[in-house]
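Asks: what follows is a predicted structure for the sequence shown.
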Amino acid sequence: MTIISWIILGLLAGAIAKFLLPGRDPGGLIGTTLIGVAGAFTGGWMSARWLDHPITKDFYDGTTWAAAIGGSLVLLIAYRILFGHSRD
């Protein structure tokens, strides 16, 4: 997959992560989508590095999507823990 594919996958994974983890985010929509893109890269890297499951070149592979959504969820939770109370 190209970088553009990972960015598109990250945007979609960020939206899915936001749907799975509803609530108010400190960064809003733009922050959440950027977390989604970073989560896609992070999830893909973690999957290839520690889970011994290299990411395929197919955009529609379920493992690639699971890694991207999982990475997005991890980063979204970490972001909420670190910066979640800044608007209170």
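Replies: Noted; the coordinates are in hand.

Asks: can I get the lowest-mean-pLDDT helix or strand in the chain in CSV, CA atoms only?
Replies: The helix or strand of the chain with the poorest confidence is helix 28-49; it has a mean of 79 (mean pLDDT, DSSP states H and E). Extracted C-alpha coordinates of helix 28-49, given in CSV (Å, rounded to 0.1, in the frame of the first residue of the first chain):
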residue,chain,number,x,y,z
GLY,A,28,-12.2,17.8,18.1
LEU,A,29,-12.8,16.3,14.7
ILE,A,30,-9.4,17.3,13.2
GLY,A,31,-7.5,15.9,16.2
THR,A,32,-9.4,12.7,16.1
THR,A,33,-8.7,12.2,12.3
LEU,A,34,-5.0,12.9,12.8
ILE,A,35,-5.0,10.4,15.7
GLY,A,36,-6.6,8.0,13.2
VAL,A,37,-3.9,8.4,10.7
ALA,A,38,-1.2,8.1,13.3
GLY,A,39,-3.0,5.0,14.7
ALA,A,40,-3.1,3.3,11.3
PHE,A,41,0.7,3.7,11.0
THR,A,42,1.3,2.7,14.6
GLY,A,43,-1.1,-0.3,14.4
GLY,A,44,0.5,-1.5,11.2
TRP,A,45,4.0,-1.1,12.6
MET,A,46,3.1,-2.9,15.9
SER,A,47,1.4,-5.7,13.9
ALA,A,48,4.4,-6.3,11.8
ARG,A,49,7.0,-5.8,14.6
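
Asks: quick thing: my sequence starts at 23, can you match it?
Replies: With 23 as the first residue, the last one maps to helix 50-71.

Asks: tell me the pLDDT at the spatially most central residue of the chain?
Replies: Central residue of the chain (C-alpha atoms, centre = their mean): Ser94, 2.2 Å from the mean position. You'll see Ser94 listed with a pLDDT of 86.

Asks: again, but for the one 3 residues further on
Replies: pLDDT, Leu97: 86.

Asks: surely it meets Ala60?
Replies: Yes - using C-beta atoms under 8 Å, Leu97 is in contact with Ala60, at 5.8 Å. Where C-beta positions appear, they are placed from N, C-alpha and C, glycine not excepted.
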